[in-house]
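>>> Okay, predicted coordinates and the sequence, questions at the end:
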Amino acid sequence: MHIKSKKITALLAGVCLLTTGCGAVGQDAPNEIAVPVTTSDQESTVPVTTAVTFTATTVSTASGKSRKTTAASTTITTSVTSAARSQKPQASAGGGNTHTESSGYTSSGEGYTPSYSGEISSSGSEEESPAPAENQERPAAATTAVTTAVITTTTTTTTAVPHYSPDELIERMSLHEKVCQMFITSPEGLWGASTSAGSSAESAVKNYPISGVILFAWNMENRSQTTGMLDELQKYSFNACHAGMFTAVDEEGGFVARAAQKLGTTAFSNMAVYGESNDYNTAYNIGSTIGSDLSGIGFNLDFAPVADVNISPENELGSRIFSSDPNVVANMVSGVVSGLQDSGVCATLKHFPGLGAETGNTHNDSFVVIDRTMDQLREEEFIPFSAGIDAGADFVMVGHQITTGFGDDLPGDLSYTAVTEVLRDELGFEGIAITDAQQMNTIVNVYGAGDAAVRSVKAGIDIILMPNDLGEAVSAIENAVNSGDISEDRIDESLSRILSVKDSLGLL
């Protein structure tokens, strides 16, 4: 007995309606239906396979020198096998629905919003066809059983955020945006709050897209609050200027360790304790551990290690310094730098050209003068800084001390001799030169925020840390550029260094 062609066609139509859920395919969705049908007078099986595939791809590209591409692809495959004789159903080997999205920042008309990776899976179970009664009479080709119905839907969405090279981003930036990238300040110095980054922080970052923020112990309540705050600031920064922030902290170990004190990260003794062993591996492990701890919270910049040599017992640093032997300091500093940098956290050598021979305190005194000749500096203070530079430190922090050997009676961060002629030209540092906090008395008691900022840029500084008045400092540099006192090429020179390091951290 034969199955008539019309009956098979009707059966297939019904299956298609059942599996697709509709009676028509959208005109925009290409489809392919293949129905091989075999009939026979014998009692052999009659395979009937229907494969329905729908594929839809949507790609939207925004203008500009970027890669803003969103692609979505959906494939649905339905397979139905009919047999002339009932067979034992086989358990499904897999299948189901899988939806995967890439993580990162998603572009939109409003800027960038974070998207998170997620995977959702669902699977159905096959229901076995009821077995016919033992003595039921079945025509050879008159009974058709649907034995397998598998629907697999796969959706893959890939979203790439725009990526600009440092040069491309410099070209896109306004002068105001460029100048703002030359500052790092605290939450209090930007939007006023200490432990949250809400709408006021978003507005402040939009108006002043600074290079980064520094958190202190009072800004950290717990890990989730700190990480959430840093995540929000990164989002605001991307939205404002297509670049993320340096997120900084003073984490030297010992009694200068904000995260260890407030968030329970790994605690260490003061560095003088480890300097006694002069063991490079110990220093590397300190840097690596601190770097891993900080990176896990959301920090990418550590204002450490201390590269000063302990020359005067009256200096303000004391046991924060590894040793009085410049070669020991050099060895230990190199290890900490390598450990931090290998953990994805920028290391900072401080406090160039060296505070170890001071007898005052740059935090409290209006003037700190260190009487050292250039030969003395080369024989002691410069040795650890040179070693740290060779180890790959991304930052060098320049202090506010006046060093007589430079002959200009200026704080180091305002001195062209210190920053450009010695740090850059003699020691060969090509990374980011940053000031110590310019809220200290050695700056605010002598120079206004604007004057100090302009002098710092002229000296060769790339980033000014914590000016006493951010708005005044930014405006002063902009006015200096507009008047021709500072060239925009000089600003771009610092931006190139800043954005190159950010690019290496994945912040562009």
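Done, it's in.

>>> before we move on, which element is the nearest residue to residue 423 once chain neighbours are set aside in?
Closest residue to residue 423 apart from its sequence neighbours, by Cβ to Cβ, 6 or more residues apart in numbering: residue 429 at 5.1 Å. Heads up, the C-betas are built off the backbone N, CA and C, glycines and all. Of the helices and strands defined by DSSP states H and E, none includes residue 429.

>>> residues in contact with residue 429?
389, 396, 423 (Cβ atoms under 8 Å, 6 or more residues apart in numbering).

>>> Just the ones of those residues in strands?
Counting by DSSP state E, the part of these found in strands is residue 396.

>>> Identify, from the contacts of residue 429, the entry nearest to residue 188.
Using Cβ to Cβ, residue 396 comes nearest to residue 188 of the contacts of residue 429, at 25.5 Å.

>>> I figured the closest one hits residue 350, correct?
Yes. Look at residue 396 against residue 350 with Cβ atoms under 8 Å: they come within range, at 7.4 Å.

>>> Please parse this structure into its domains.
5-160, 166-504 (automatic domain parsing).

>>> Where does the prediction get shaky in the chain?
The chain contains residues with pLDDT under 70 at 1-161.

>>> how about stretch 311-326: buried residues?
Using 16 or more other Cβ atoms under 10 Å as the test for burial, stretch 311-326 gives 311, 315, 316, 317, 320, 321, 322, 323, 324, 325, 326.

>>> Identify the residues contacting the last one.
Read that as residue 326. Per Cβ under 8 Å, 6+ apart, neighbours of residue 326: 309, 379, 380, 381, 383, 384.

>>> Could you do the third one as well?
Residues in contact with residue 316, defined by Cβ under 8 Å, 6+ apart, are 355, 358, 360, 361, 362, 363.

>>> Could you say which helix or strand holds the third one?
Spelled out, it's residue 360. Counting by DSSP H and E, residue 360 is part of no helix or strand.

>>> Give me the residues contacting stretch 415-428.
352-353, 382, 385-386, 389, 396, 398, 403, 406-408, 410, 412-413, 429-430, 433, 458-461.

>>> Among these, name the buried ones.
Buried among the contacts of stretch 415-428 (16+ other Cβ under 10 Å): 352-353, 382, 385-386, 389, 396, 398, 403, 406, 410, 412-413, 429, 433, 458-461.

>>> Could you pull out the buried residues of stretch 355-375?
In stretch 355-375, counting by 16+ other Cβ under 10 Å, buried: 355, 356, 357, 358, 360, 361, 362, 365, 368, 370, 372, 374.

>>> Reformat the residues you listed as CSV; add distance to residue 167.
Output for those, formatted as CSV (distance: Cβ to Cβ, whole Å):
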residue, distance to residue 167
355, 36
356, 39
357, 41
358, 40
360, 43
361, 42
362, 36
365, 42
368, 39
370, 39
372, 39
374, 36
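
>>> which among the residues you listed gets closest to residue 472?
residue 362 (21.2 Å).

>>> Could you look up the SS state of that closest one?
coil (DSSP: H, G, I helix; E, B strand; the rest coil).

>>> residues in contact with residue 319?
Contacts of residue 319 (Cβ under 8 Å, 6+ apart): 254, 270, 271, 272, 273.

>>> Okay, buried residues for whatever helix or strand residue 328 lives in please.
In this structure, residue 328 is located in helix 326-342 according to DSSP H and E. For helix 326-342, burial by neighbour count (16+ other Cβ under 10 Å) applies to 326, 328-341.

>>> so after it, what's the next helix or strand?
Next helix or strand after helix 326-342 toward the C-terminus (DSSP H and E): strand 348-352.

>>> Quick one: work out the angle between that next one and helix 326-342.
140 degrees (axes from the mean of the first three to the mean of the last three Cα atoms, to 10 degrees).

>>> outside of strand 348-352, which residues touch it?
301-308, 333, 337, 384-385, 388-389, 393-399, 401, 412, 418, 423, 434, 436.

>>> Mind checking which of the residues you listed land in strands?
With DSSP E as the criterion, strands contain 301, 302, 395, 396, 397, 398, 434 from among the contacts of strand 348-352.
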